[in-house]
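Participant: sequence and predicted structure are below.
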Amino acid sequence: MAFGGAQPPYINPAVPFTGVIQGGLQDGLQITINGTVLYSNGNRFAVNFQTGYNDNDIAFHFNPRFENGGYVVCNTKQRGSWGPEERKMQIPFQRGNPFELCFLVQSSEFKVTVNRNLFMQYAHRVPFHCVNTICITGAVQLSSISFQNTRAAPFQPAFSTMQFSQAACFPPKPKGRKPKPPGIWQANSAPMTQTIIHTMQSTPGQMFPNPMIPPMAYPNPTYPIPFFTSIPGGLYPSKSIIVSGTILPSARRFYINLRSGNDIAFHLNPRFDENAVVRNTQINSSWGSEERSLPRKMPFFPGQSFSVWIMCEGHCLKVAVDGQHLCEYYHRLKNLPAINNLEVGGDIQLSHVQT
């Protein structure tokens, strides 16, 4: 996300919800959540600003609890361990009532307002720039999650010597931990037109991106088709790749390839002429057996925007389209770090790529 342009909102996302904060948190970014507290689904809800899909590193945990008269718990989790709780012994939410909950990121703290009234402030315990995911669970129904940049001046990371968006950080998964499979990865959103974002590598458990590996940056809005780019560091468990764009009205097919040298480790190939989404692997110029079965109908439509989210796990790739799980594809090429190039082509126009 270029800091001068706002991320499109998530509209009517299902709960539990997990979605990308394009470009990560930045000083001056305001995130507004509109929804209604439900009578069912328990006595709590939570908003987590975290690094990646799993809940190993949560910079800010905001947790209203409708118990013992009502109160709000705030905390930070680092490398799987919670810090000391901060409790505010009042609650500004009422069951059955709509609310507007705003989080304003400032250099030293989060400022939280509820229904336009300042509720609390929460001092940063970890660097907030590495937060790239918002997760919402519990007894709420959501109508929108919107993003606003409140500062006019462009933000430039201090460690950068080139113009690029603040990198999202998906650190490698510590050994022995299996990430939670997200039920809803990302809700339908308006077509994305932001600057391309490329993930930076970080060491396991590290909250800072490695300044020695600057992200690749490409001009917006023009992406050549076919589009090629590297995947810095290759694949590893918890690594994410996002491809968004618009399918041409007369489209027959398009493809997303994860490549390892001349081989194609993963070929995702929506075919409108066959009403199928084909997955396959090509080794030594020979295709393997196709996988076509899907748990739901064709999720792609000519003339409409789409967002494909590919998450690597130790045994497979998980694929979601517009926030809904689509399929799993078991690794046929086992050397994951060698799968280090992305290729996108066919009857589409690209608007956002994250590797």
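Facilitator: It's in.
Participant: any idea how far the lowest-mean-pLDDT helix or strand in the chain is from the chain center?
Facilitator: Lowest on mean pLDDT, DSSP states H and E among the helices and strands of the chain sits strand 348-354, with a mean of 85. Between the centre of strand 348-354 and the centre of its chain there are 15 Å (CA atoms, centre = their mean, to the nearest Å).
Participant: that strand packs against which elements?
Facilitator: strand 227-230, strand 240-247, strand 341-346 (3 or more CB pairs under 8 Å, 6 or more residues apart in numbering; DSSP states H and E). For glycine as for every other residue, the C-beta is placed from the backbone atoms N, C-alpha and C.
Participant: how about these in TSV, adding mean neighbour count, distance to Asn75 and mean pLDDT?
Facilitator: Below are the helices and strands packed on strand 348-354 laid out as TSV (neighbours: other CB atoms under 10 Å; distance: least, CB to CB, whole Å; pLDDT from 0 to 100):
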stretch	mean neighbour count	distance to Asn75	mean pLDDT
strand 227-230	15	37	90
strand 240-247	21	25	87
strand 341-346	18	37	94
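Participant: Glu274: which of those strands is closest?
Facilitator: Glu274 sits nearest to strand 341-346 of all the helices and strands packed on strand 348-354, at 13.6 Å, using CB to CB.
Participant: so what's the gap between the closest one and the chain middle?
Facilitator: 20 Å.
Participant: and it with strand 240-247, angle?
Facilitator: Strand 341-346 and strand 240-247 are oriented at 10 degrees to each other (axes from the mean of the first three to the mean of the last three CA atoms, to 10 degrees).
Participant: pull strand 341-346 out as PDB, backbone CA atoms only.
Facilitator: Extracted C-alpha coordinates of strand 341-346, given in PDB (Å, rounded to 0.1, in the frame of the first residue of the first chain):
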ATOM      1  CA  ASN A 341       9.700 -17.800  -8.800                       C
ATOM      2  CA  LEU A 342       6.100 -16.800  -9.500                       C
ATOM      3  CA  GLU A 343       4.600 -16.600 -13.000                       C
ATOM      4  CA  VAL A 344       1.100 -15.300 -13.800                       C
ATOM      5  CA  GLY A 345      -0.400 -15.200 -17.300                       C
ATOM      6  CA  GLY A 346      -3.600 -15.600 -19.300                       C
END
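Participant: against which helices or strands is that strand packed?
Facilitator: So strand 341-346, by 3+ CB pairs under 8 Å, 6+ apart, packs with strand 227-230, strand 240-247, strand 254-260, strand 348-354.
Participant: now distance to Gly35 too, for these, in a markdown table please.
Facilitator: Putting these into a markdown table (distance: least, CB to CB, whole Å) gives the following:
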| stretch | distance to Gly35 |
| --- | --- |
| strand 227-230 | 36 |
| strand 240-247 | 25 |
| strand 254-260 | 33 |
| strand 348-354 | 26 |
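Participant: what's the neighbour count on Asn275?
Facilitator: Asn275 has 9 neighbours, counted by other CB atoms under 10 Å.
Participant: ok, the least confident helix or strand of the chain: who's next to it in the sheet?
Facilitator: Here strand 348-354 has these sheet partners by DSSP bridges: strand 240-247 (antiparallel).
Participant: gap between the strand it pairs with and the chain center?
Facilitator: Its chain's C-alpha centre and that of strand 240-247 lie 12 Å apart, by CA atoms, centre = their mean.
Participant: only C-alpha atoms, please: export that strand in PDB.
Facilitator: Output of strand 240-247 as PDB, limited to C-alpha atoms (Å, rounded to 0.1, in the frame of the first residue of the first chain):
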ATOM      1  CA  SER A 240       2.000 -16.500   1.800                       C
ATOM      2  CA  ILE A 241       1.600 -15.400  -1.800                       C
ATOM      3  CA  ILE A 242      -1.300 -13.200  -2.900                       C
ATOM      4  CA  VAL A 243      -2.400 -12.500  -6.500                       C
ATOM      5  CA  SER A 244      -5.200 -10.100  -7.200                       C
ATOM      6  CA  GLY A 245      -6.700  -8.700 -10.400                       C
ATOM      7  CA  THR A 246      -9.600  -8.600 -12.800                       C
ATOM      8  CA  ILE A 247     -10.600 -11.400 -15.200                       C
END
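Participant: what's in contact with that strand?
Facilitator: For strand 240-247, contacts defined as CB atoms under 8 Å, 6 or more residues apart in numbering pick out 20, 52-53, 170, 191-192, 199, 223, 231, 254, 256, 258, 300-312, 342, 344, 347-355.
Participant: buried ones among these?
Facilitator: The neighbour-count test (16 or more other CB atoms under 10 Å) applied to the contacts of strand 240-247 identifies 20, 52-53, 170, 192, 199, 223, 231, 254, 256, 258, 300, 305-312, 342, 344, 347-348, 350-355 as buried.
Participant: check contacts around the closest residue to Leu118 other than its chain neighbours.
Facilitator: Distance criterion CB to CB, 6 or more residues apart in numbering; nearest residue to Leu118, sequence neighbours excluded, is Lys111 at 7.0 Å. Listed by CB under 8 Å, 6+ apart, the contact partners of Lys111 are Phe103, Leu104, Leu118, Gln121.
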